[in-house]
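S.K.: What follows is a predicted protein model with its sequence.
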Amino acid sequence: MPRSDDDSWEITEGVGATALGVAAARAAETESENPLISDPFARVFLDAAGDGVWNWFGNPEVPPEIAEAAPDVPLRMQGMRDYMASRTMFFDQFFLQANNAGVRQAVILAAGLDARAWRLPWLGGTTVFELDQPQVLQFKMSTLQERRALPRCNLINVAVDLRQDWPAALQYAGFDTSAPSAWTAEGLLQFLPAAGQDQLFERIHSLVAPGSRIAVEGLGPEFNNPEARERQRANMQRYRELAAKVGRGEDEIPDFEELWYFEDRTDVGDWLRSHGWNVSVQTAEEMMARYDRHPPKGIEDGVPKSLFVSAERT
């Protein structure tokens, strides 16, 4: 179903289902022979959600019928798992470095099934604010509470749509604008229109004190390129046809053209620099190389061409 200004979703549908796909990739990495990350809660979420196309990413073995019909698919799926593992480590390290530098407020925008509040070794006195749709946070909290998992910080859920007045909700929940804070926007910007992206950073900028930090998975210059979009469309149609061929839930494969806002937009690094932040930018390939992970060789569009931005407000 196409996006609308006031749409919402359950965890197993639309935007929510993409969070399960990310959890599946984290689960597969955690359970691999030489894992880059450890997220024991990712499999817990998958078990609670039940069977679905998202489990493709959680299974190291691609169905043999698909691997035979499309030999590039296993390479693409491994590339995405490597990308997600590297992305996870990038944001993990960002928060830990900020925390060790004295920042005691963390804000996770569109938190989804991120389990950093439960798995990272936060220092004493740290508060983590998680912002997301009420249904998503409810699924997450009830699933972890059933397993008696406890967060390793002072966790505050802020159930709010990021298109609403979330700064007011965040401050009402106890966020201190006079103290430094660390923010992440991971897997988020493509789900916002261009004007919504600008508004997001304007709001963050208005809330942060000097010494605050931010890390962002930004959209690369090809995000709205017609040729790149056509390649993506063709690949998604091919996945649906393969899934239908083996009876593996082709109807559950998200249509990114309905979920994402393909619009020309401001470069995140440029926006932050123009507002007085010290900025560092890496390509996805450069970011992955830090962790000895790489896009699959010989595969076009093997991983997203994202830009990983980190910045500090002086």
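M.R.: Received the coordinates, thanks.

S.K.: What's the biggest helix in this protein, counting residues?
M.R.: helix 72-100 (DSSP state H).

S.K.: Can you list the buried residues in that one?
M.R.: Buried residues in helix 72-100, counted by 16 or more other CB atoms under 10 Å: 72-92, 94-96, 98-99. No exception for glycine: its C-beta is placed from N, CA and C like everyone else's.

S.K.: Name the SS class of V309, please.
M.R.: strand (DSSP: H, G, I helix; E, B strand; the rest coil).

S.K.: Kindly tell me how buried it is, as a neighbour count.
M.R.: 22 (other CB atoms under 10 Å).

S.K.: again, but for the one 4 residues further on
M.R.: Counted with other CB under 10 Å, residues neighbouring R313 total 19.

S.K.: got it, and S206?
M.R.: The burial count for S206: 9, using other CB under 10 Å.

S.K.: Now do the closest residue to it other than its chain neighbours against A49, distance only.
M.R.: The shortest distance from S206 to any residue other than its chain neighbours is 7.1 Å, reached at P167 (CB to CB, 6 or more residues apart in numbering). Note on P167: its distance to A49, by CB to CB, to the nearest Å, is 31 Å.

S.K.: higher neighbour count, these two?
M.R.: Using other CB under 10 Å as the criterion, P167 and A49 rank with A49 on top: 22 against 16.

S.K.: Surely the more buried one touches L20?
M.R.: Yes. Counting by CB atoms under 8 Å, A49 touches L20, with 5.5 Å between them.

S.K.: where along the stretch 51-200 of the chain do the helices fall?
M.R.: Taking DSSP state H, counting those that start in this stretch as the test, the helices found in the stretch 51-200 of the chain are 64-69, 72-100, 116-119, 134-146, 166-172, 194-207.

S.K.: Please identify which of those helices is closest to R229.
M.R.: Nearest to R229, of all the helices of the stretch 51-200 of the chain, is helix 194-207, at 15.4 Å by CB to CB.

S.K.: what's the next secondary structure element after the closest one?
M.R.: strand 213-218 (DSSP states H and E).

S.K.: Can you report the mean pLDDT over the residues of that next one?
M.R.: Averaged across strand 213-218, the pLDDT comes to 98.

S.K.: Could you tell me the per-residue confidence at E13?
M.R.: 59.

S.K.: please begin residue numbering at 109 from this point
M.R.: All set: I'll call the first residue 109, so the last point we hit is now E121.

S.K.: Same list, the helices of the stretch 159-308 of the chain, but as JSON lines with distance to A352 and mean pLDDT please.
M.R.: Below are these laid out as JSON lines (distance: least, CB to CB, whole Å; pLDDT from 0 to 100):
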{"stretch": "helix 172-177", "distance to A352": "11", "mean pLDDT": "73"}
{"stretch": "helix 180-208", "distance to A352": "14", "mean pLDDT": "94"}
{"stretch": "helix 224-227", "distance to A352": "37", "mean pLDDT": "98"}
{"stretch": "helix 242-254", "distance to A352": "28", "mean pLDDT": "95"}
{"stretch": "helix 274-280", "distance to A352": "39", "mean pLDDT": "98"}
{"stretch": "helix 302-315", "distance to A352": "34", "mean pLDDT": "97"}
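
S.K.: Let's have those in JSON lines, adding distance to A214.
M.R.: Below are the helices of the stretch 159-308 of the chain laid out as JSON lines (distance: least, CB to CB, whole Å):
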{"stretch": "helix 172-177", "distance to A214": "39"}
{"stretch": "helix 180-208", "distance to A214": "6"}
{"stretch": "helix 224-227", "distance to A214": "8"}
{"stretch": "helix 242-254", "distance to A214": "16"}
{"stretch": "helix 274-280", "distance to A214": "12"}
{"stretch": "helix 302-315", "distance to A214": "13"}
